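Q: here's a sequence, model it:
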Amino acid sequence: MKQRFWIGVVSEEHVKIGEKDGFAQLCHGKYVPLKRMNAGDWLIYYSPKTKYPDGNPLQAFTAIGMVKSGNVYQVQMAPEFFPYRLDILYQPCHNVSFVHIKSKLTFVSENANIGLLFRRGHFEVTKQDFITIANAMVVDFSGMEIKV
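A: Numbering: from 1, shown residues only. Take a look at the predicted model:
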């Protein structure tokens, strides 16, 4: 199966929770975005704000990881909130400002209104865009497989 590369849009506060516990949760716990990803795919989080909904503007890539098994599962977070999750093997990285690298990203130049793309909450990017962001985040891929 072909390895794919994804951007997920989540507040930094929620990214950190997922990083700590080794999972991804997208689009307020929806199933479909997670189901699109398979074992060996890569996910980079973009955080428009520090907290949802009223945090400070951030506009940065805040985490990166590889999808473990691709098995989507549901958890109970509140009496009536059962979001879906996917296990992720996160890599150490640094936040990188979107503004500082946006001119190097093809998905930006190919979308007239980049805000609409980010509002989707989850979208696929090219391997080259993934590598550009990962390099800016200073990710060490030794021992990790990125396929052609």
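Q: which residue ranges form the strands in the chain?
A: Counting by DSSP state E, the segments of the chain that form strands are 5-9, 23-24, 42-49, 57-74, 84-90, 96-97, 122-125.
Q: I'd like the ones you listed written out as CSV, with mean neighbour count, distance to residue 135 and mean pLDDT added.
A: All C-beta atoms are positioned from the backbone trio N, CA, C, and that covers glycine. Below are the strands of the chain laid out as CSV (neighbours: other C-beta atoms under 10 Å; distance: least, C-beta to C-beta, whole Å; pLDDT from 0 to 100):
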stretch, mean neighbour count, distance to residue 135, mean pLDDT
strand 5-9, 21, 13, 98
strand 23-24, 24, 21, 98
strand 42-49, 23, 12, 98
strand 57-74, 17, 11, 96
strand 84-90, 20, 17, 97
strand 96-97, 16, 9, 96
strand 122-125, 18, 14, 97
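Q: would you list these in TSV and tack on distance to residue 108?
A: Shown next, in TSV, are those (distance: least, C-beta to C-beta, whole Å):
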stretch	distance to residue 108
strand 5-9	11
strand 23-24	23
strand 42-49	12
strand 57-74	12
strand 84-90	24
strand 96-97	13
strand 122-125	10
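Q: out of these, nearest to residue 136?
A: Each of the strands of the chain was checked against residue 136 via C-beta to C-beta, and the shortest separation belongs to strand 96-97, namely 4.3 Å.
Q: for that closest one, packing partners?
A: Contacting strand 96-97 under the criterion 3 or more C-beta pairs under 8 Å, 6 or more residues apart in numbering; DSSP states H and E are the following elements: strand 57-74.
Q: mind listing what residue 8 touches?
A: Taking C-beta atoms under 8 Å, 6 or more residues apart in numbering as the definition of contact, the neighbours of residue 8 are 24, 26, 33, 43-46, 121-122.
Q: and what of residue 44?
A: Shown in contact with residue 44 (C-beta under 8 Å, 6+ apart): 5-8, 61, 63-64, 125, 130, 133-134, 137.
Q: could you redo the last one with a cut-off of 10 Å?
A: By C-beta atoms under 10 Å, 6 or more residues apart in numbering, the contact set of residue 44 is 5-8, 61-65, 93, 96, 125, 129-130, 133-134, 137, 139.
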